[in-house]
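J.: coordinates only, no sequence provided:
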């Protein structure tokens with residue numbers, strides 16, 4: 001056997017041996033303990049207004065181009081949901097409603113993490129004083145999250 005053929009034969013035997021003992025045997029990885037729990041929200045939490053500007057516990061919030069919440073007082077913030085009471089008004093209520101608008105409650109949900117901050121991505125507004133036919137559908141407003 002010449003030298004190149006002998007080297008090739010040794011290489012084939014070596015690769016076959018490595019493949020047989022070093023790869024893909026029937027053994028499966030052994031896993032112990034409970035799965036890690038999801039991490040809590042950390043870092044700042046924002047709500048984007050209708051233009052995508054991040055706000056923290058805003059006193060006024062433009063939800064859509066036609067609807068605005070004012071005088072917001074937050075009962076909760078930073079968890080899975082944030083809740084505030086305030087006044088709802090918009091172009092749709094003039095001239096019937098006063099400048100103060102209607103009493104309303106807003107609930108922010110669906111936190112989305114972006115880099116080291118989180119954003120609420122949905123808003124729902126409720127008001128028993130509001131004539132339903134006069135408003136935008138504010139029961140599930142998608143909030144525009146800024147791109148990273």
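T.: Received, thanks. Computed from a prediction, not measured in an experiment: that's the story for all the values here.
J.: next SSE after the worst-scoring helix or strand of the chain on mean pLDDT?
T.: One helix or strand of the chain scores below all others by mean pLDDT, DSSP states H and E: helix 3-22, with a mean of 60. Moving toward the C-terminus from helix 3-22, the next helix or strand (DSSP states H and E) is strand 45-48.
J.: what's that next one in contact with?
T.: Strand 45-48 is contacted by residues 54-56, 58, 61, 77-78, 82, 108, 111, 117-120, 123, 143-146 when judged by CB atoms under 8 Å, 6 or more residues apart in numbering. Any C-beta I mention is one placed from the backbone N, CA and C, and that applies to glycine too.
J.: redo that, cut-off 6 Å
T.: Identification of contacts with strand 45-48 by CB atoms under 6 Å, 6 or more residues apart in numbering yields 54, 55, 56, 78, 108, 118, 119, 120, 143, 144, 145.
J.: tell me the mean pLDDT for the helix or strand just after that strand?
T.: Following strand 45-48 in sequence order, the next helix or strand is strand 54-55 (DSSP H and E). Here strand 54-55 scores 96 as its mean pLDDT.
J.: output the contacting helices and strands for strand 54-55.
T.: In this structure, strand 54-55 packs against strand 45-48, with contacts taken as 3 or more CB pairs under 6 Å, 6 or more residues apart in numbering; DSSP states H and E.
J.: check which residues of the strand it packs on are buried.
T.: In terms of neighbour count (16 or more other CB atoms under 10 Å), strand 45-48 has its buried residues at 45, 46, 47, 48.
J.: do stretch 129-148 as well
T.: 130, 135, 138, 141, 143, 145.
J.: start and end of that stretch, how far apart?
T.: 39 Å (CA to CA, to the nearest Å).
J.: tally of neighbours for residue 58?
T.: Number of residues near residue 58 (other CB atoms under 10 Å) recorded here: 18.
J.: tell me the pLDDT at it?
T.: Reading off the model, residue 58 has pLDDT 98.
J.: next one: the one 3 residues further on
T.: The predicted local confidence for residue 61 comes out at a pLDDT of 97.
J.: so what's the nearest residue to it once chain neighbours are set aside up against?
T.: In space, and not counting its chain neighbours, residue 61 is closest to residue 69: 4.6 Å by CB to CB, 6 or more residues apart in numbering. Applying CB under 6 Å, 6+ apart, we find residue 69 in contact with 61, 86, 88, 106.
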